[in-house]
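*Asks:* What shape does this take:
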Amino acid sequence: MNLRQVEAFRVVMLRGSMTAAAQALRTSQPSVSRLIADLESATGLTLFERQAGRLRPTDEGLSFYREVERSFLGLENLAQVARDIRVFGSGRLRVAAMPVMALGFIPRCIRRFRDQFPNVAISLQMGSDGTVMRWMSASYCDIGFMANVVETPFIEYRPLYTIAGLCALPPGHRLAERAVIVPEDLEGEHFISLSLEDGARTRVDRAFEAAGIRRQLMLETPFGATICALVEQGLGIGIVNPIAADDYRRSGIAFRPFRPEIPFHGHALFPSRHLNNPLIDGFLAVVREELAVYETTATGLLA
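*Replies:* Prediction:
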C-alpha cells in the first residue's frame with residue numbers, strides 16, 4: 001500500500017466516481033481504477049461494488065475511508081503548522097490556565113499580545129491545577145498558569161504573583177459599610193468556601209480558627225469565579241482572589257479587604273525547552289504588565 005493508492009481512494013470517495021477522481025487527480029480513469037485495484041489487493045478489502053452501473057462503497061470501504069480521512073486531516077494540519085513555523089517561528093501559542101485567570105484576565109492579555117503578534121494562532125484552554133499540569137507534562141501547551149505547583153520533570157515554573165484576597169459580600173449586605181472585614185464580622189454568617197484541595201482554603205480556615213470564629217459553611221466550590229456568582233445570588237460570603245473579583249466589579253457585589261491577609265498565589269509554567277521562544281517570552285511579559293495594576297490597589301501584589 002502506498003500514499004498514491006490511498007489518495008486515489010480518498011478522491012473517489014469524495015467525487016463519487018472514477019472519472020471525476022481522474023479529472024481531479026489529472027490522470028486517466030484506467031490509472032485510477034488500477035490504483036484502487038492495487039489498494040484492494042494490498043489491504044485485502046473490497047472497497048467498492050458496482051450497482052446498476054454506479055460505484056458504491058462497501059461497508060469495509062466506508063470504515064476504511066473514515067480512517068483515511070482522519071489521517072489526511074492530520075497531514076493537512078501538519079502542513080498548516082509548517083507554514084506557521086516558516087512565517088512566525090513557532091507560529092502557534094497554546095495557553096492553559098486555571099479558571100481564575102482564564103475567564104477574564106488571560107483574554108485581556110491576549111488582546112494586548114495580538115498587538116505585537118497579530119498573525120499568531122492562539123489556543124486558550126481552561127482547567128484545574130491538576131489538569132493544567134497534565135497538559136504541560138504531555139506538551140499539549142506552551143505556557144500554563146496555576147496556583148499550586150508540584151516539581152515535575154521537564155517542566156519549569158516561576159512565581160508570578162502573591163496577592164491578598166478580598167471579602168466578597170452580597171449586594172446590599174450590612175457589612176458593605178465596613179472599610180475592612182475581619183473574622184469577627186463574619187460570626188454566624190453563611191460562608192462559601194473553596195474546595196479542600198485548594199491551598200487558599202486552608203489559609204482561610206486557619207484565620208477563622210485562630211480568631212475562634214464559627215461560620216456556617218453552606219457551600220463549597222473549586223473556583224473563585226463560582227464563589228462570586230454564588231455571592232451575587234445572595235447565598236453567602238466568600239474570600240476570593242482579586243483577579244476573580246475583577247470580573248464581577250459591575251455585579252453589585254461589594255469587595256472589601258480582609259484582615260488578616262489571605263494570600264493567593266499564581267505561577268507560570270513552561271516546558272524546559274522554551275528558552276528563546278519569543279512567543280512565550282512575549283506573552284509572559286504582557287501577563288506581568290497586566291498584573292502590575294494590583295501593585296496600586298489596597299490588596300497589593302508581591303512580584
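
*Asks:* give me the low-pLDDT residue ranges for this structure?
*Replies:* Where the chain drops to pLDDT under 70, the residues are 75-91, 273-276, 295-303.

*Asks:* Show me the strands in it, by range?
*Replies:* Assigned strands in the chain, in chain order: 48-51, 54-57, 92-97, 121-126, 143-146, 155-164, 166-169, 190-194, 216-221, 238-240, 254-257, 263-271, 301-302 (criterion: DSSP state E).

*Asks:* So for A37, which of the ones you listed sits nearest?
*Replies:* strand 48-51 (10.0 Å; C-beta to C-beta). To be clear about C-beta, it is placed using only N, CA and C from the backbone, and glycine gets the same treatment.

*Asks:* quick one on the thing from earlier: output the strands of the chain in a markdown table; the columns should cover distance to A8 and mean neighbour count.
*Replies:* Formatted as a markdown table, the strands of the chain follow (distance: least, C-beta to C-beta, whole Å; neighbours: other C-beta atoms under 10 Å):
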| stretch | distance to A8 | mean neighbour count |
| --- | --- | --- |
| strand 48-51 | 12 | 12 |
| strand 54-57 | 13 | 15 |
| strand 92-97 | 32 | 22 |
| strand 121-126 | 32 | 15 |
| strand 143-146 | 43 | 26 |
| strand 155-164 | 45 | 18 |
| strand 166-169 | 63 | 26 |
| strand 190-194 | 58 | 22 |
| strand 216-221 | 55 | 14 |
| strand 238-240 | 60 | 27 |
| strand 254-257 | 65 | 20 |
| strand 263-271 | 40 | 21 |
| strand 301-302 | 61 | 15 |
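
*Asks:* And those strands: which comes nearest A176?
*Replies:* That would be, of these and by C-beta to C-beta, strand 254-257, which comes in at 3.8 Å.

*Asks:* Alpha carbons of the closest one, in PDB - could you do that?
*Replies:* Extracted in PDB, the C-alpha atoms of strand 254-257 (Å, rounded to 0.1, in the frame of the first residue of the first chain):
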ATOM      1  CA  ALA A 254     -19.200  44.600  47.500                       C
ATOM      2  CA  PHE A 255     -15.500  43.600  47.600                       C
ATOM      3  CA  ARG A 256     -13.600  44.700  50.800                       C
ATOM      4  CA  PRO A 257     -10.100  44.000  52.000                       C
END
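
*Asks:* strand partners of that strand, parallel vs antiparallel please.
*Replies:* The pairing partners recorded for strand 254-257 under DSSP bridges are strand 166-169 (antiparallel).

*Asks:* burial of D205, as a residue count?
*Replies:* Neighbours of D205 under the rule other C-beta atoms under 10 Å: 15.

*Asks:* How much space separates it from V240?
*Replies:* Going from D205 to V240 by C-beta to C-beta, to the nearest Å gives 15 Å.
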